[in-house]
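Visitor: Give me coordinates for this.
(2 chains)
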Amino acid sequence: MPLRFTTPLLLLALFVGVGVAGLVLFPNSAQVGDPKVIKIVSSLPRSGSARGQTDTIVKGIKLALHEVNYQLELKHPSTGETKTYRLEYLDLDDATAAAGQWTIEQEIANANLARSDPDVMAYIGTYNSGAAKVSMPILNRANIFMISPANTAPALTKPGWGERHEPGCYRPNNGKVNYARVVPTDDVQGAVSAFWAKELNAKQVYILDDNEVYGKGIADLFHKTCDEIGIKVLGQESIDFKQQEFGALMQKIKGMNPDLIYFGGTTQTKAGQLFKDMISVGMRCPMMAPDGCYEKAMIDSVGKDAFEKAPFYVTFGGLPVEELKTERGLQFRENYTNLYGEEPKEAYAAYGYECGLVVIEAIRKAGMKDRDAIREAGLTIRDFAGTAGTWSFDANGDTDSRVMSGNTVKDGEFKFVKKLELK
Amino acid sequence: MIFAAEPSFWISFAQQTLDGLTFGALIALIALGYTMVYGIVELINFAHGDLFMLGCFLALSQLALIGLGGLGYDATWSDPNSFQVGGIILTMLFTAMIFCASLNFAVDRLVYKPLRTAPKLAPLVSAIGVSFVFMNIGLFWGGPQDVNFPKLVGDQNLLPEQPDQANLRFTSKDLMVYLVTIPLMIALTAFIKFTKLGKAMRATAQNPTAAKLMGINTDRVIGITFAIGGALAGASSIVYALKLNTISYQMGFQNGLYAFTAAVLGGIGRIPGAVLGGLIIGLVRYYGSAYVGENWVGALIFGILIIILIFRPSGLLGANTREKV
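Guide: Numbering: from 1, shown residues only, chains lettered A, B, ... in the order given. Next up is the predicted model:
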């Protein structure tokens, strides 16, 4: 594929081009700035198919700022003097209407805008893990605290999950960490799923994966956890998702009589067809899958009737809003409804709100308008009372929250089953 | 494993054989159209698989029109009676055959006919181009996701079942595949062997110039060949959609590849060869998945293709087409 060889070159050209443009557009930017203002930017796909989710994330962020009335009184940690800052929020789009999703150019432009404006102290984003890969190194060099409401790829922060150079390549500033996220990562999901399978009385399971980084990663972790908690794994196999049907595979699995089939993969890698073939060979055991299948397309590709024949379980790295029952969670629901006149619809709204809270907490803790101090303060947040429970950031910037939700399909819609928590 | 075989092993083996043969018959049905066009024009019509895909989407759109489901919809008729279902299937089969036949005919007139005297590579590359055009039409038509195709044919077991043990399953869906494939293969063979048009086709295949000298309108014959090839793609699309119940704009590629392999394996240009090749691929697909590993299936199928072509370059049943070259 010629694309593979040209993409790095193209990227390089883009970096250089945008860098030069940045120098021309923002000359001597370090000197200008408003001493009374702290700016917070977010970079999310505001146009295209993710619009619905990002709308609620932005509303969540604004709610957090609204609660402090868009201003903060900071007490300098060494001199002790207090000063009031006005908080300004800038909602940037990393997608274009033409592309319908995030683009590299747009994400670089947003990161550079944040980097070159001396008042910007925090960067909330990105929505897509791929976009984070682009802006992380830029913001890392600028020492800006970056916090994501939605990235789940483990490779962004955890060594050993992605390419050999990851995650070091996202921390060019001597390996200093500036990135954090409030969502549990994909690897947590594999383990949580295994515990759920045990609760569902699965004694022996068969594991399938799509041989992709995401799917196989989760399936491997599911396998490992099964071994640890005493679920017998009858076998694990990768499928070739370019195949159109899996009757033979399901026929073979049927002979082993598993209590549950786990598929590490997405709707795009044939989760729907596997479920259909499982039913058509006459199996009625449940199938479980990770959040790559937590989308309407899964139900469309299977047809809602099939879900009546065998249960389909899917895990998701968050809780539906109705299930946020902590003090923070209830307060969030109430304030959100008061401010916007409606209940938050998407599960990600709570993560947007939580990002806003974390940023405010980081600035308050730092006590001064200084990027490095805020970054440091943000990453050392511990025992934070979030909407779904209390959590802390670990050394990589990941939340130690292990709260997920288990869902199933009923009447052609996803239904919440229970809160899953890894102890 | 084989030595320590228990009864359940043999049941499962028989089941894989049966399912493999059914899947093979499905591939054979697609391969018939491939091999038919190649036999006459010596053009590998790479767009055949994607034509087949468009046939599926046409059927789905028809179902959506009468409220039986379709793109993003669920069935509103929960239990249509078998008479209605039979009528619907026949209508779908008929329209898909007409649609694919006219489309294939039009493509021949527009794309391949001007290239009839060009070097062999030109129509081949054009066929790949047509395949991409079709695939993008499919993407526009059905969207990027897998789409559910309503279950019009049930999968109740036709074989006697005993409770409390593994049973061999041969469903009404499987029967449907054979009910369409076998008559079509026989009809096609008879058509080419015994009708006047079939004779003209064979003459055109052997030597177009000589056929023209004998008063055969070769352009018309080739056009009809494409139309028949298209009709076969249309028929296979309905059978496929009813059997597997999932369609997507990318399905033409993988199935086209299998069908092409089946045609080559059996001896391209030979109708029984396409069926034999299809059945072999079906069996390898199912045995490979059951006894080797699901992700080795592709390697196994194409490995067997290479081995057979080394020992019989013109395919399993292709020996007597030698004189043509």
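Visitor: Secondary structure element holding the residue of the stretch 151-300 of chain A found nearest chain B?
Guide: Proximity of the stretch 151-300 of chain A to chain B (Cβ to the nearest Cβ) peaks at A:A248, 3.6 Å away. Any C-beta I mention is one placed from the backbone N, CA and C, and that applies to glycine too. Secondary structure from DSSP states H and E places A:A248 in helix A:247-256.
Visitor: After that helix, which helix or strand is next?
Guide: Trace forward from helix A:247-256 with DSSP H and E and the next one is strand A:260-264.
Visitor: thinking again about what came up before, pull out the buried positions in the helix holding A:A248.
Guide: Judged by neighbour count using 16 or more other Cβ atoms under 10 Å in any protein chain shown, the buried positions of helix A:247-256 are A:247-255.
Visitor: quick one, what contacts A:S129?
Guide: Applying Cβ atoms under 8 Å, 6 or more residues apart in numbering or on different chains, we find A:S129 in contact with A:151-153, A:156.
Visitor: near chain A, which residues of the stretch 201-325 of chain B?
Guide: Applying Cβ under 8 Å from any Cβ of the partner chain, we find that the stretch 201-325 of chain B lies next to chain A at B:244-246, B:250-251, B:253-255, B:285-290, B:293-295, B:297-298.
Visitor: ok, now with 7 Å
Guide: Applying Cβ under 7 Å from any Cβ of the partner chain, one finds that the stretch 201-325 of chain B approaches chain A through B:244-246, B:251, B:254-255, B:285-286, B:289-290, B:293-295, B:297-298.
Visitor: Using neighbour counts, trim these to the buried set.
Guide: Members of these classed as buried by 16+ other Cβ under 10 Å are B:244-246, B:251, B:254-255, B:285-286, B:289-290, B:293-295, B:297-298.
Visitor: Check the residues you listed and tell me the two furthest apart.
Guide: Greatest spatial distance among those (Cβ to Cβ): B:N245 and B:G293, at 25.3 Å.
Visitor: List of residues touching the helix holding A:A248?
Guide: A:206, A:234, A:239, A:261, A:277-278, A:280-283, B:8, B:12, B:15-16, B:19, B:23, B:285-286, B:289-290, B:294 (Cβ atoms under 7 Å, 6 or more residues apart in numbering or on different chains).
Visitor: Now A:S401: which helix or strand?
Guide: Counting by DSSP H and E, A:S401 is found in no helix or strand.
Visitor: Quick one: neighbours of it, just the number.
Guide: Residues lying near A:S401 (other Cβ atoms under 10 Å in any protein chain shown) number 23.
Visitor: Tell me the pLDDT of it.
Guide: Per-residue pLDDT puts A:S401 at 85.
Visitor: so B:F23 touches B:R285, yeah?
Guide: Yes. Counting by Cβ atoms under 7 Å, B:F23 does reach B:R285; the two are 6.1 Å apart.
Visitor: and the host helix or strand of B:G87, what other elements does it pack with?
Guide: Per DSSP H and E: B:G87 is located in helix B:82-107. Of the remaining helices and strands, those touching helix B:82-107 by 3 or more Cβ pairs under 7 Å, 6 or more residues apart in numbering or on different chains; DSSP states H and E are helix B:48-65, helix B:218-244.
Visitor: need the helices for the stretch 201-350 of chain A, in chain order.
Guide: Counting by DSSP state H, counting those that start in this stretch, the stretch 201-350 of chain A has helices at residues A:213-229, A:247-256, A:271-280, A:296-302, A:306-309, A:327-340, A:348-366.
Visitor: can you list those helices in a markdown table and add distance to A:R171?
Guide: Formatted as a markdown table, the helices of the stretch 201-350 of chain A follow (distance: least, Cβ to Cβ, whole Å):
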| stretch | distance to A:R171 |
| --- | --- |
| helix A:213-229 | 20 |
| helix A:247-256 | 42 |
| helix A:271-280 | 34 |
| helix A:296-302 | 35 |
| helix A:306-309 | 44 |
| helix A:327-340 | 30 |
| helix A:348-366 | 18 |
